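K.L.:
Fold the stuff below for me.
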Amino acid sequence: MKQDALILVRGGGDLATGTIHRLWSAGLRVLVLETEHPAAIRRQVSLCEAVYEGEATVEGLRAVRIEALAQAEEVWNQNAVPVLVDPKGESIAQARPDVLVDAILAKKNLGTARDMAPLTIALGPGFTAGQDVDAVVETKRGHRLGRIIWEGSAIANTGIPGIIGGYGKERVIHAAAAGVFEDVRRIGDIVAEGETIAQIRTADGTITPVTTQITGILRGLLRSGYPVTSGFKVADVDPRKEELSNCFLISDKARCIAGSVLELVCAQLWK
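P.N.:
As a prediction, the model looks like this:
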């Protein structure tokens, strides 16, 4: 096995963080590339928060923002994961990763190519295995979640969230107007159906409240001050009020996907 193998992950949201955490736990060197303004909802379990805060820690894994690729070695020496703002992937050629994982979850390919690494993996729809990447990992909840696809694509995005506690689309909240998002409540708060959890301040100063559709735990909430468009995902309510710790733990879905990525990475590095 290559001792200095480098796994490059594009994206640092909650599902990407599950993969990053699993790879790091296996003793692998991971480099994360992110955009200038990540829009994670489940911010407590998203390493992309390091872009804003300088550092972020999820389940014992510390991520540190770096300003140049040359700073990555110092972070690895601290048993941490470096996060570099590079949405276009301009540093990939210089980094020369052994494996590249596209975990942006944009439902479309934002620039990942099969020749970027000896093994390229993409999470979710928007990619075709055997063409623009080597393998695709299914991200849709259900019997196929986590399955490795060597030919073809993941199930197309339906726009309907998975069912949790009997609720699907009702638990996810979208912006009703364009403007600047301003939170009123915090992740981990118990909220009631119809409660205002945030507001959107439009360009003309109008305030549009953001309200819940169900009662539960506010599991995800967009960063205050983020500019949103109408229909932008801004919050997530978990109806299982007794499971507060879920707000701060990597999800079962993320762990399932991460296991498949680790399987692919190990198979590549142990060749």
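K.L.:
list the helices and strands the strand or helix carrying residue 181 packs on?
P.N.:
Using DSSP states H and E, residue 181 maps to strand 179-183. The contact analysis (3 or more CB pairs under 8 Å, 6 or more residues apart in numbering; DSSP states H and E) places strand 179-183 against strand 196-201, strand 227-228. For the C-beta atoms, the positions are set from N, CA and C on the backbone; glycine is no exception.
K.L.:
Buried residues in stretch 176-189, which are they?
P.N.:
176, 177, 179, 181, 183, 185, 187, 189 (16 or more other CB atoms under 10 Å).
K.L.:
pretty sure the third one contacts residue 204?
P.N.:
No. If you go by CB atoms under 8 Å, residue 179 and residue 204 don't touch, sitting 9.1 Å apart.
K.L.:
related to what we said a few turns ago, nearest to residue 267 among the buried residues of stretch 176-189?
P.N.:
residue 187 (36.5 Å; CB to CB).
K.L.:
quick one: pLDDT of that closest one?
P.N.:
Looking at residue 187, its pLDDT is 96.
K.L.:
and it, how far is that from residue 64?
P.N.:
22 Å (CB to CB, to the nearest Å).
K.L.:
ok, now residue 120?
P.N.:
Look at residue 120 and residue 64: by CB to CB, they are 25 Å apart.
K.L.:
same deal with residue 96?
P.N.:
Distance from residue 96 to residue 64, by CB to CB: 21 Å.
K.L.:
pretty sure residue 63 belongs to a strand, no?
P.N.:
Yes. Applying DSSP: H, G, I helix; E, B strand; the rest coil, one finds residue 63 inside a strand.
K.L.:
and stretch 91-110, how far apart are its ends?
P.N.:
15 Å (CA to CA, to the nearest Å).
K.L.:
where's it relative to the chain centroid, distance-wise?
P.N.:
13 Å (CA atoms, centre = their mean, to the nearest Å).
K.L.:
Identify each buried residue in that stretch, please.
P.N.:
So for stretch 91-110, counting by 16+ other CB under 10 Å, buried means 91-92, 95, 97-105, 109.
K.L.:
got a pLDDT number for residue 210?
P.N.:
97.
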